[in-house]
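Participant: what's the 3D shape of this:
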Amino acid sequence: LQLVESGGGSVQPGGSLRLSCAGSAFSLDDYAIGWFRQAPGKEREGVSCISSNGGLTYYADSVKGRFTISRDNRKNTIYLQMNSLKPEDTAVYYCTGHRSYVTTRRGLGDYWGQGTQVTVSS
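Facilitator: Presented below is the predicted three-dimensional model:
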């Protein structure tokens, strides 16, 4: 199972980015996917998670109302739409996958992407 993130970049506060997590050479249909982030000097933080059928979602309090997770199984891709970005959202964002939603949400997935940098600065 290989996960590939993309979509990171540098934006000003209040801006938007959409991160993508794609499955390479296999289907993500049966996998819950989570997004985590890690800023320099800080512990990894769970940001959002979606179940395999999209019926369950989770958001950290710090991103509720600003971030939206979704999945398009036809494209084998999970998205994290990030709006109203703040400087404190600056971090490397990783996606992770596991067949169990709970395991994924806890950050215990077996598979992780390489990460994509998000920088929010004026």
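Participant: show me what counts as buried in stretch 67-84.
Facilitator: Within stretch 67-84, the residues that count as buried by 16 or more other C-beta atoms under 10 Å are 67, 69, 71, 76, 77, 78, 79, 80, 82. Quick note: C-beta positions are derived from backbone N, CA and C, even for glycine.
Participant: and which of these is nearest residue 96?
Facilitator: Lowest distance from residue 96 to the buried residues of stretch 67-84 (C-beta to C-beta) belongs to residue 78, with 10.4 Å.
Participant: quick check: that closest one touching residue 69?
Facilitator: Yes: contact criterion C-beta atoms under 8 Å: residue 78 and residue 69 qualify, at 6.9 Å.
Participant: shared neighbours of the two, anything?
Facilitator: Residues touching both residue 78 and residue 69 by C-beta atoms under 8 Å, 6 or more residues apart in numbering: residue 50.
Participant: save the buried residues of stretch 67-84 as CSV, and put in secondary structure and pLDDT too.
Facilitator: Output for these, formatted as CSV (DSSP: H, G, I helix; E, B strand; the rest coil; pLDDT from 0 to 100):
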residue, secondary structure, pLDDT
67, strand, 98
69, strand, 98
71, strand, 97
76, coil, 95
77, strand, 96
78, strand, 97
79, strand, 98
80, strand, 98
82, strand, 98
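Participant: dump these into TSV; add distance to residue 90 as well.
Facilitator: Below are the buried residues of stretch 67-84 laid out as TSV (distance: C-beta to C-beta, whole Å):
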residue	distance to residue 90
67	14
69	19
71	25
76	28
77	24
78	21
79	20
80	15
82	11
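Participant: ok, so of the residues you listed, who is nearest residue 118?
Facilitator: Of all those, residue 118 sits closest to residue 82, with 7.4 Å by C-beta to C-beta.
Participant: specify the beta-bridge partners of residue 77.
Facilitator: Legend: beta-bridge partners of residue 77 under DSSP bridges are residue 22, residue 72.
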